[in-house]
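A.B. asks: can't give you the sequence, but here's the structure:
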C-alpha cells in the first residue's frame, strides 16, 4: 500500500517546513492548497495545507467537541473523545472520500488541527494506506511570538494578549502530547524540531529522508527559507 504521512504540530511550529521537505522527497498533496507569506518577507509560498482538510477538521471540532480552533474543548471532553473508537466512525467516509483521488500514491497531509482530530483520520485511512506520522515540536515561547507576529493567527485564534496566546499555545501543546502518547508507538513516527533543523539542516533532513526511505538529494537551504 502507498504511504500517507500526517504532519502534526502547532501553528507556526515548523509544519510547513516539514511538509515541503516531504513533498520534495516525492510525496504528493491534495490539489487545493493555501498560499501564505513568510513572516516579515513579501514572498509567497505554499503552506501545503488543503482547504478541504481544514474545513473537514473544523466540522469535526465543532461537532465532536463543541469547540473551535480559537476556543479548544475542555480537557475532559477532548480526553474522552480521543479514546472512544466508535466515535471515530462518524467521519470515516468523509475522510476517505476527500483523499480518494490521491490514495494510490504517497501523500502528505498537514493541518495544525490534527492536534485535535488525528484519531478520526488514522481510523479512516489505516485500512487503505500505511500511515506514518511526523510530530513537529517547537519551543512554545517561540511559537507564541510567531503567533503574535502573524496577522492571520491573531485574527483566527482571537489573540488579544500575551497571556491568552501563551495559554492557548499550551492547550494546543497538551493536545499534541496526548496524540503523541496514543499513537507514536503504534505507527512509524518521526520527531521534527524547527530549531534543530535550522541549526543542523543537513543532519535533520537526512534523518527525515531515512525515515521516509528517500535516497535522492534535498537542498538543505529549504530549511533556512521557512
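C.D. replies: Sure thing, it's come through. None of these values were measured; they are calculated from a predicted model.
A.B. asks: quick one: the helices in the chain?
C.D. replies: Along the chain, counting by DSSP state H, helices occupy 15-23, 51-60, 75-81, 85-88, 92-99, 114-125, 140-148, 151-156, 162-183, 194-199, 201-212, 222-225.
A.B. asks: for residue 66, find the nearest of those.
C.D. replies: helix 75-81 (7.5 Å; Cβ to Cβ). All C-beta spots, glycine's among them, are computed from the backbone N, C-alpha and C.
A.B. asks: now the closest one: buried residues?
C.D. replies: Of the residues in helix 75-81, 78, 81 count as buried by neighbour count, 16 or more other Cβ atoms under 10 Å.
A.B. asks: now for it, which elements pack on it?
C.D. replies: Helix 75-81 makes packing contacts with helix 162-183 when contacts are defined by 3 or more Cβ pairs under 8 Å, 6 or more residues apart in numbering; DSSP states H and E.
A.B. asks: want to throw the helices of the chain into JSON lines with distance to residue 67 and mean pLDDT?
C.D. replies: Shown next, in JSON lines, are those (distance: least, Cβ to Cβ, whole Å; pLDDT from 0 to 100):
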{"stretch": "helix 15-23", "distance to residue 67": "20", "mean pLDDT": "92"}
{"stretch": "helix 51-60", "distance to residue 67": "10", "mean pLDDT": "94"}
{"stretch": "helix 75-81", "distance to residue 67": "8", "mean pLDDT": "80"}
{"stretch": "helix 85-88", "distance to residue 67": "15", "mean pLDDT": "80"}
{"stretch": "helix 92-99", "distance to residue 67": "19", "mean pLDDT": "94"}
{"stretch": "helix 114-125", "distance to residue 67": "8", "mean pLDDT": "94"}
{"stretch": "helix 140-148", "distance to residue 67": "18", "mean pLDDT": "94"}
{"stretch": "helix 151-156", "distance to residue 67": "14", "mean pLDDT": "91"}
{"stretch": "helix 162-183", "distance to residue 67": "10", "mean pLDDT": "94"}
{"stretch": "helix 194-199", "distance to residue 67": "26", "mean pLDDT": "90"}
{"stretch": "helix 201-212", "distance to residue 67": "32", "mean pLDDT": "93"}
{"stretch": "helix 222-225", "distance to residue 67": "33", "mean pLDDT": "73"}
